[in-house]
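A.B. asks: predicted model and sequence below, questions to follow.
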Amino acid sequence: MSMWKGLHMTARAAHGIHVSLRFIHKHTRLCTLWSRNISTGRPVQNDFFKDLENQFKAFREKAADAMPGSDWTPFEKNRSLPPERADIVIVGGGVVGWSIAYWLKQKEMIRDGVRVLVVERDPTYSQASTVLSAGGIRQQFSLPENIHLSMISADFMRNINEHLSVLNEDPVDLQFNHSGYLFLASEKVAHIMEENYRTQRYAGAKVSLLSTTQLKEKCPWINTDGVVLASYGLENEGWFDPWMLLNAFRRKAISMGVYQCFGEVTGFRYTTNTMTTAEGDTVDFRRIKYANVQMPNSLEYQPVECAIVVNAAGAFSGKVAEMMGIGLGLKDTIAGIPLPVEPRKRFIYVVHCPNGPGLDTPFLVDYSGVYFRREGLGGNYIAGMSPEEEEEPETNNLEVDHQFFQKIWPHLAHRVPAFECLKVTSAWAGFYDYNTFDQNGIVGMHPLVNNMFFATGFSGHGLQHSPAVGRAMAELILDGGFKTLDLSAFSFKRIMTKEPMLERNIV
Amino acid sequence: MASRFPILCICLSPFSLSMFCVSVCQLMQRSCRQVTLLAAPSRYWSSIPVAPPSLQPRLLLFLSQRFHDIETILSWSSWFKNRGLRQKNLFAGQSEWFRSDRRGKFNWDFMNHRDTSIEEVDVSNTLINYTGLENLVKQRGLCTLSVSGCAEVDDWFLSRLHIFQDTLEELDISNCPRISVGGLAALQKLRGLRRLDVSSLPRLQNPGLVAILLEEMLPHCHVTAIGYDHSLIYSHTQTDG
């Protein structure tokens, strides 16, 4: 149909030339006294060349549409549907998903080398873990890989305008507060803290250990009862605005040509290749051919033909993995091992305390599991605590349990006496993409699904590791292996061999 | 949204070549500006004036929205500018080092970097390395630091100052357009600070409140915060009688 339209347009353009010719003649005949262009040849020639250019352009567009691989269809299409084919489909439009999309475009060698599509279920991001996060970044981990991930991400954020600035748009402002993290250790866990300190210093993080007296001197508002050792991050630690980071990634990625689609991936169409092992067991190797993206509030769906699918769906990655049959095989086989990521609800309470600690409040994490940080300049703080395994709240909604604050308050008041009189002004809940196996991210390919990559399971650290993880995934996909940071320790292999890599400093 | 249509492939549009020349001239203009900065470090910039966009940038803006190539070329030029800044830092650092060597000062050094744009944390560190003291003694002795008016000093630079936490006594960060509250919170590590100047920081929304909080945070420090308009803003509200 567009070809016919094109023909009509050329006819109209030719007609236009005649019209303009006639107009010019009339003009010069009528106003010879004050006409600016007396010679009739010039404007006619200009019109002719401009129209010729337009016609060449139209011809080129038509030719490109006729080539295979273009998006031209003779049928009317719903605009919000994703394209019919894409090279890489990223399931999940959180900060990890958009970071991967940005780095994929950043690393492609030629323009439009890969067609990347990011599919996000929720256009309002009301349930997305990214925006509900407390937004902290720290280097104080026990695993060197985690420390490196945080350091690289902090480097990225320091130079964020070099990476993510779009021409003629406002520069990115993350509102980064450089107040550092302060971890407190009791006698029982002091040796773990010392070990972690050594690992962190060896990896290059700027952390300092404080004794009780030094701690009291630095933070006079702390009650050091029960605290034996404290660890404070001097550089590259603090908190920032996660929504700004997400939007910066999104804006830059879209400016580089990433397609965005609001819809839900409801299933995959795949081919299966069955092979038998030496012992005679059969193993199914699957390859995704199409990802079915369903439009919100509608039954309409678009099967997107894709080469690679990246599972960055955060708390809901387990469901996406189930769509591929991961975990639905027989027990004791590889196909029977599910993706061990499930959503865990965590609460954050906003409290107001007029006499609380001032501008120098770090992100304080107590050994009891309670944490709090300053929010703004008006005496507001946000506080939370990770519940025990037995008391995990249910995850079918994001309702806040205000009774849970009664468990947090005694610890807060014990640690900071000024918090004895405070008022809870607000609260919210968000999901952790909790890795039930060892609370560390899962990055890499699945052994049985040949073209599905995972970047999920970060259990609360996804936001602070997102720039580095995005780059690592892009290297894995486009270069075939990790180049700048080796994250092979986070692969699916450890789940198959049942060797957990425990991170001891979880908040 | 820039079109994906490469203009350099059209043989028919001669003005694309001229636009290419224009953007190259822009590039050269910018680099010329950097060279003059290098040659005359005594020129004083109290604040970056905002000039109305002249014809040339507007034309480039119009073109960059239409042609992908121009957009790429313009982003290259800003990348070159960044690189140029970084190279300039190293150069300026070296000249300072020669100067302090000749003067032979020890134990404290007053540095006034009014115009050098200290851009990135790493490079600025080497700058202070050179200027703080003579060669071998580490920068532990730095007592006074003034980065007033530096356009590239930002919050990350402030968080890096913890190196001088015991010795730094005077810090002047006035007129730095990139510093915000988040960076000022990082100054808590400078326990020896006696005088702090945070005048005329354009990104502070509540300068009076921030000055008070800083004084609370650093009890022995005297905070100077001039150049702000502390007057109340009256808004007329219509009340229906």
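C.D. replies: Yes, it's here.
A.B. asks: sketch out the low-pLDDT regions of the chain for me.
C.D. replies: Defaulting to chain A. Low-confidence segments of chain A (pLDDT under 70): A:1-42, A:505-507.
A.B. asks: my bad, the chain I had in mind was chain B
C.D. replies: Low-confidence segments of chain B (pLDDT under 70): B:1-54, B:64-72, B:75, B:78-142, B:230-241.
A.B. asks: now with 80?
C.D. replies: B:1-154, B:157, B:160-168, B:227-241 (pLDDT under 80).
A.B. asks: toward the C-terminus from whichever strand or helix holds A:T272, list the very next helix or strand.
C.D. replies: Assessed by DSSP states H and E, A:T272 sits inside strand A:264-276. The helix or strand immediately downstream of strand A:264-276 is strand A:282-294, counting by DSSP H and E.
A.B. asks: elements contacting that next one?
C.D. replies: Using 3 or more C-beta pairs under 8 Å, 6 or more residues apart in numbering or on different chains; DSSP states H and E, the elements in contact with strand A:282-294 are strand A:264-276, strand A:301-311. For the C-beta atoms, the positions are set from N, CA and C on the backbone; glycine is no exception.
A.B. asks: return the most buried member of those strands.
C.D. replies: When neighbours are counted by mean count of other C-beta atoms under 10 Å in any protein chain shown, the highest per-stretch mean among those falls to strand A:301-311, a mean of 21.
A.B. asks: partners of that one in the sheet?
C.D. replies: Looking at strand A:301-311 with DSSP bridges, its paired strands and their directions are strand A:85-91 (parallel), strand A:282-294 (antiparallel), strand A:452-456 (parallel).
A.B. asks: make JSON lines from those and add distance to A:V44 and mean neighbour count to it.
C.D. replies: Compiled in JSON lines, the strands paired with strand A:301-311 are given as follows (distance: least, C-beta to C-beta, whole Å; neighbours: other C-beta atoms under 10 Å in any protein chain shown):
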{"stretch": "strand A:85-91", "distance to A:V44": "45", "mean neighbour count": "24"}
{"stretch": "strand A:282-294", "distance to A:V44": "51", "mean neighbour count": "18"}
{"stretch": "strand A:452-456", "distance to A:V44": "59", "mean neighbour count": "27"}
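A.B. asks: including distance to B:S199, could those go into TSV?
C.D. replies: What follows is those, written out as TSV (distance: least, C-beta to C-beta, whole Å):
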stretch	distance to B:S199
strand A:85-91	47
strand A:282-294	55
strand A:452-456	46
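A.B. asks: beta partners of the residue lying closest to A:V227 once chain neighbours are set aside?
C.D. replies: Excluding the flanking residues, the one nearest A:V227 by C-beta to C-beta, 6 or more residues apart in numbering or on different chains is A:L184, at 4.8 Å. When bridges are taken as DSSP bridges, the partners of A:L184 come out as A:A230.
A.B. asks: same check on A:V341?
C.D. replies: As for beta bridges, A:V341 partners with A:N435 under DSSP bridges.
A.B. asks: surely it and A:S317 touch.
C.D. replies: Yes: using C-beta atoms under 8 Å, A:V341 is in contact with A:S317, at 4.8 Å.
A.B. asks: quick one: which of these two has more around it?
C.D. replies: Between A:V341 and A:S317, counting by other C-beta atoms under 10 Å in any protein chain shown, A:V341 is the more crowded of the two (29 against 25).
A.B. asks: got the contact list for the more buried one?
C.D. replies: Applying C-beta atoms under 8 Å, 6 or more residues apart in numbering or on different chains, one finds that A:V341 lies in contact with A:A315, A:S317, A:G318, A:A321, A:D433, A:Y434, A:N435, A:T436, A:I442, A:T456, A:G457.
A.B. asks: check A:S208 too.
C.D. replies: A:S231, A:Y232, A:L234.
A.B. asks: so it lies in a strand, does it not?
C.D. replies: Yes: assigned with DSSP: H, G, I helix; E, B strand; the rest coil, A:S208 falls within a strand.
A.B. asks: what sits opposite it in the beta ladder?
C.D. replies: Judged by DSSP bridges, the bridge partners of A:S208 are A:Y232.
A.B. asks: any idea how far it lies from A:Q214?
C.D. replies: According to C-beta to C-beta, to the nearest Å, A:S208 and A:Q214 sit 9 Å apart.
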